[in-house]
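**Student:** Next one to model:
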Amino acid sequence: MLIRPKQLGTETISTDILAEDKKHCRKFGPCGVGEEALYLNSFYFDRVYYLPIRSVKRIYKRVAMSRGGFTGRGLFASVPYLVVEYDNGKEKQCNFKFEEKVDQMIEWVHSRHPEIPTASKEAEKKLKEKQLALEAKKKKLEKAAAREDIQKLQKCQAYLEKRSSLYQDLSRTAHQKRVNDRSNPAYRWVALFIVLMGAAAALYGLWNLLQGTGGAVYFLLFGLAAIFLFSGANVLPTRRNNSRAVQKELDEAVGHMDSYVKAFPADFPFPVPARYAHPQVLAWMQEILADRRAEDIPGALEVLKDDLKKLNADVTVEQETYEAVMAIKPLFLVNEYK
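**Tutor:** Numbers count the residues shown, from 1 in each chain. Predicted coordinates for the structure are as follows:
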């Protein structure tokens, strides 16, 4: 451990234990989880703070949505954060690039420390109301006229949930495809040009610094800033960050899901195409049938498409709905709702 992470909270960990723990911690984006502590990021640097596990009072996700989040017009669309509460009401908010990394870290902490709450206090207050609503929803599904179709969708949903990696890959690659399609290719080459100019400025500044020339530090800092900014922004054209590679990864995810749904052990065909095979899709369709907004499964899928089309940056939804939309809407967008 070259640099000791900065301590958060009142409790401390000895340098020897901390060094070994950080070395073997499980990394989730810019943060990490060890046996002794959480390792949290600053805005620019990964895992520069540590917080002993015993000091953690609560850990949860917070999402900021910019205007145009569902349409692609927003600057960042959605910005995910990991929030860790500790000691007496103190809070550390960590910015992430990928929302699934926040979810994975929270799940990892919860699996090993179930005593740590994984929802905000406000969310916990609403949890009881949601539990009551869930019970009412179950009764509604049981009494629905389309009960047979709903039961089919429930079986398919349970089947998909056995292989979570398949539908997660499907959602992730569709999201990447959507971002890539909405990005102007010229921006990537402009970013590459700036990074190259930044590298040249950094080398020039370093050379002048060694020569003792005035102003060298400004070239050096500008160059390093350009390199760090654009290298970490996922903008540069790379072997994996280009249209062909992104499309190939999506096709592979759809292909794997197609093979899985074809092996579905039932006397009826899988109700949705492999490109839309996600548990959230099937759960949404069940509600549509229970509310009698459609008479059969194909009709429920069409109503779902209409629902997703109506959700844009001007619509406010609850956290659960937001997460469902973020998981499945890219699937429909990249396939043009076909």
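**Student:** Can you tell me the SS state at A294?
**Tutor:** coil (DSSP: H, G, I helix; E, B strand; the rest coil).
**Student:** How about the contacts made by it?
**Tutor:** By CB atoms under 8 Å, 6 or more residues apart in numbering, A294 lies in contact with 146, 288, 300, 302-303. Heads up, the C-betas are built off the backbone N, CA and C, glycines and all.
**Student:** That one and L196, how far apart?
**Tutor:** Applying CB to CB, to the nearest Å, the value for A294 to L196 is 55 Å.
**Student:** do the same with E302
**Tutor:** Counting by CB to CB - E302 and L196 are separated by 49 Å.
**Student:** do the same with F264
**Tutor:** 51 Å.
**Student:** quick one: the strands in this protein?
**Tutor:** Along the chain, counting by DSSP state E, strands occupy 6-7, 26-28, 31-33, 37-40, 49-52, 56-65, 78-86, 90-95.
**Student:** Can you say which of these is nearest to Q157?
**Tutor:** Q157 lies closest to strand 56-65 among the strands of the chain, at 23.1 Å (CB to CB).
**Student:** That closest one pairs with which strands, parallel or anti?
**Tutor:** strand 78-86 (antiparallel) (DSSP bridges).
**Student:** what does the partner strand rub up against?
**Tutor:** With CB under 8 Å, 6+ apart, strand 78-86 has contacts from 8-9, 31, 38, 40, 51, 55-66, 69, 91-96, 98-99, 102, 105-106, 120, 326.
**Student:** Any stretches of the stretch 151-300 of the chain with poor pLDDT?
**Tutor:** Applying pLDDT under 70 to the stretch 151-300 of the chain picks out residues 183-195, 198, 202, 204-206, 209-210, 212-241.
**Student:** about what we covered before: drop anything exposed from the contacts of strand 78-86.
**Tutor:** Among these, the ones that count as buried by 16 or more other CB atoms under 10 Å are 8-9, 31, 38, 40, 51, 55-56, 58-61, 65, 69, 92, 94-96, 99, 102, 105-106, 120, 326.
**Student:** Report how many residues lie close to Y44.
**Tutor:** 12 (other CB atoms under 10 Å).
**Student:** so how far is P30 from it?
**Tutor:** From Y44 to P30 the distance is 10 Å (CB to CB).
**Student:** Equivalent analysis for M285, please.
**Tutor:** From M285 to P30 the distance is 37 Å (CB to CB).
**Student:** Between those two, tell me which one has more neighbours.
**Tutor:** Set side by side, M285 and P30 show more neighbours around M285, with 26 against 22, by other CB under 10 Å.
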